[in-house]
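Participant: dropping the sequence and predicted coords here.
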Amino acid sequence: MSLHAPPCDVMPEQTLQVARAAFPNGNPSRRMRDARGPLSANPTCAALVSHPGRPAEAPAQLALMTMRQCAEGLSDVQAADAVRARIDWQYALALELTDPGCDASVLSEFRQRLLAGKAELLRCETRLPLFRDRRLMHAKGRQRTDSTHVLAAIQRLNRLECVGEPLRQALNMLATAAPAGLQSWVPTVWFDRDSRRFAEYRLPMEKPARDALAEHIGTGGRQLLVAIDDLATPAWLRAIPALQTLRRVWLQPFYTAPEGQPVHWRRADDLPPAPWLSSSPSDPEARYGKKRETEWTGDKVQVTATCDDETPHLITEMTTTPATTSDVTMLPTIQAHLATRQLPPGEQLGDAGDVPSDHLLTSRAAHGIALIGPVADDQSWQRQAAHGFAAAQLVLDWDAKHALCPQGQQSVVWMERPARHGHATVRMAFSQPVCAACASQADCTRAATAPRALRLRERDHDTVLQTARARQQTGTFKKV
């Protein structure tokens, strides 16, 4: 068996004997291999095979190596060495003990082909039907969705470096692509300033001097972009990636100004919102993100996995988004993907903030999924103070269109507002004379003379919201 040959269905006898002798009681690699069965050639993986002038590596084996490498936190060199040196890896890959493995560079090339072919989930998607057929997961079981951060492989730059470095990169690319045209109009001082990485400079310590340097760089960058936008400039020159990056970055730190006037540096409290703000010219798509106490620059990945007690916990869906994407907006997309794979859960556990009443309704109606998770608490002063009569203590008769307060009084106003510029709501109010004469008025309202009045979401939303709030106070919910 070799990494340069198609996977076969037979475990080498010597590998089998040594693995049994080394791990007589089994180990994770043996259990995984025995449960998964043999690697098999998959025609959908044909595009992931490398062809340039050498024997092609088997994509199925490289995919398994990549997953094990990630699980153990190994570098490419360490993973390649593990194939040659560790019997548990050789058993999992069904390799001969004398198999030479592959060079470490093959792993990075394989990942590049995965990204280029948009095949990151191909391996997962081809295994999920097998797991389902072997009853390792249930289509209507329980699954959990949560997000985690993905760090960009960049060095964080301060604001001044974020404008100086892309200008340097753009000038260097132009110096390679069109040196004659660049020398004809670029000031000599630019060659001295932008010939090396901007981070190597000793930047001014005083704020006025730093602002002046930033505006000087901004003026120069705008001059470069104006020259590139000239109709006489070849179109291919304007399409250089470094210039596209410069153009995108330049919209962020400077106030716009008429041509011929100096640009002005934005204040730190007046920067564009995070979804528009690049953190590094090396990766313009990387964004600053924050989730509770965690702050990072990069992306975010939404992971959905089974969590039934009687079966293994298996990932069923992964979706990568910019770090600034709200988790709550991704839930309908994730559920649609699970439905396409014929793996919609019966119950889906969500994180705090991911379970608005809209999703509680649509999850059930569109996919038959019971969405479970902490919903927003009642923000009324009565609920926050744990004193007085909150909305949940009213008895609502949606058919008769009235409410009863805890003192048995009936509302006299019931106004339904359609969803024109937001959510459909119902406004209800009680009689002013009745409320004024009530001994419990202070528990109902803080208004000096006005009666108790409140606004709720329409019937379906309010019902599922109140049910979810009551459920999350139970001991069973708190154990989930």
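Facilitator: Okay, I see it. Everything numeric here is computed off the predicted structure, so don't read it as measured data. Numbers count the residues shown, from 1 in each chain.
Participant: helices along the stretch 301-450 of the chain, start to end?
Facilitator: 327-340, 357-367, 381-385, 432-437, 441-444 (DSSP state H, counting those that start in this stretch).
Participant: any chance of a markdown table for those helices, columns mean neighbour count?
Facilitator: Using the backbone N, CA and C atoms, a C-beta is placed for each residue, glycine as well. Shown next, in a markdown table, are those (neighbours: other Cβ atoms under 10 Å):
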| stretch | mean neighbour count |
| --- | --- |
| helix 327-340 | 17 |
| helix 357-367 | 17 |
| helix 381-385 | 14 |
| helix 432-437 | 14 |
| helix 441-444 | 17 |
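Participant: rank the ones you listed by mean pLDDT and give me the bottom one.
Facilitator: Lowest mean pLDDT within these: helix 381-385, a mean of 82.
Participant: now the lengthiest helix in the chain - C-alpha only, CSV.
Facilitator: As assigned by DSSP state H, the longest helix anywhere in the chain is helix 207-228. C-alpha atoms of helix 207-228 as CSV (Å, rounded to 0.1, in the frame of the first residue of the first chain):
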residue,chain,number,x,y,z
LYS,A,207,0.0,62.1,17.9
PRO,A,208,0.3,65.3,15.7
ALA,A,209,3.4,63.9,13.9
ARG,A,210,1.7,60.5,13.4
ASP,A,211,-1.4,62.2,12.0
ALA,A,212,0.7,64.3,9.7
LEU,A,213,2.5,61.2,8.4
ALA,A,214,-0.8,59.4,7.9
GLU,A,215,-2.2,62.3,5.8
HIS,A,216,1.1,62.5,3.8
ILE,A,217,0.7,58.8,3.0
GLY,A,218,-3.0,59.2,2.2
THR,A,219,-2.3,62.0,-0.2
GLY,A,220,0.4,59.9,-1.9
GLY,A,221,-1.9,56.9,-2.2
ARG,A,222,-4.7,59.0,-3.6
GLN,A,223,-2.3,60.4,-6.2
LEU,A,224,-1.3,56.8,-7.2
LEU,A,225,-5.0,55.7,-7.5
VAL,A,226,-5.8,58.8,-9.6
ALA,A,227,-2.9,58.0,-12.0
ILE,A,228,-4.0,54.3,-12.2
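Participant: ok, what's across the strand from the residue nearest the centre of the chain?
Facilitator: The chain has residue 300 as the residue nearest its centroid, 2.5 Å off, counting by Cα atoms, centre = their mean. For residue 300, the beta-bridge partners under DSSP bridges are residue 149, residue 321.
Participant: just checking, it touches residue 319?
Facilitator: No - contact between residue 300 and residue 319 fails when scored by Cβ atoms under 8 Å: they sit 9.1 Å apart.
Participant: which of the residues in the longest helix of the chain are buried?
Facilitator: Within helix 207-228, the residues scored as buried using 16 or more other Cβ atoms under 10 Å are 210, 213-215, 217-222, 224-225, 227-228.
Participant: what does stretch 70-87 give?
Facilitator: 74, 76, 79-80, 82-83, 87.
Participant: also stretch 309-324?
Facilitator: Going by neighbour count (16+ other Cβ under 10 Å), the buried part of stretch 309-324 is 311, 314, 316-317, 319, 321, 323-324.
Participant: re the thing from before, OK, contacts around the residue nearest to the centre of the chain?
Facilitator: Shown in contact with residue 300 (Cβ atoms under 8 Å, 6 or more residues apart in numbering): 147-150, 289, 291, 320-323, 325, 327.
Participant: of all those residues, which comes closest to residue 336?
Facilitator: Using Cβ to Cβ, residue 321 comes nearest to residue 336 of those, at 14.7 Å.
Participant: now do the contacts for that closest one.
Facilitator: Counted by Cβ under 8 Å, 6+ apart, residue 321 has contacts 299-302, 330.
Participant: switch to 7 Å and redo it
Facilitator: Residue 321 is in contact with 299-300, 302, 330, counting by Cβ atoms under 7 Å, 6 or more residues apart in numbering.
Participant: need the contacts of residue 300 in CSV (columns: distance to residue 66).
Facilitator: Formatted as CSV, those follow (distance: Cβ to Cβ, whole Å):
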residue, distance to residue 66
147, 22
148, 18
149, 20
150, 16
289, 25
291, 26
320, 16
321, 22
322, 24
323, 23
325, 25
327, 27
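Participant: outline the domain layout of the protein.
Facilitator: Domain assignment of the chain by automatic domain parsing yields the ranges 13-120, 159-276, 381-462.
Participant: phi, psi for residue 295 please.
Facilitator: Per-residue torsions, residue 295: phi -120, psi 140 (degrees, to the nearest 10).
Participant: tell me the pLDDT at it?
Facilitator: 89.
Participant: over to residue 194?
Facilitator: Predicted confidence (pLDDT) for residue 194: 66.
Participant: give me the contact list for stretch 200-213.
Facilitator: Outside stretch 200-213, the residues touching it (Cβ under 7 Å, 6+ apart) are 160, 265.
Participant: distance across that stretch, terminal residue to terminal residue?
Facilitator: Distance between the two ends of stretch 200-213: 15 Å, counting by Cα to Cα, to the nearest Å.
Participant: what mean pLDDT does it get?
Facilitator: 81.
Participant: any weak-confidence spans in the stretch 251-400 of the chain?
Facilitator: 353-354 (pLDDT under 70).
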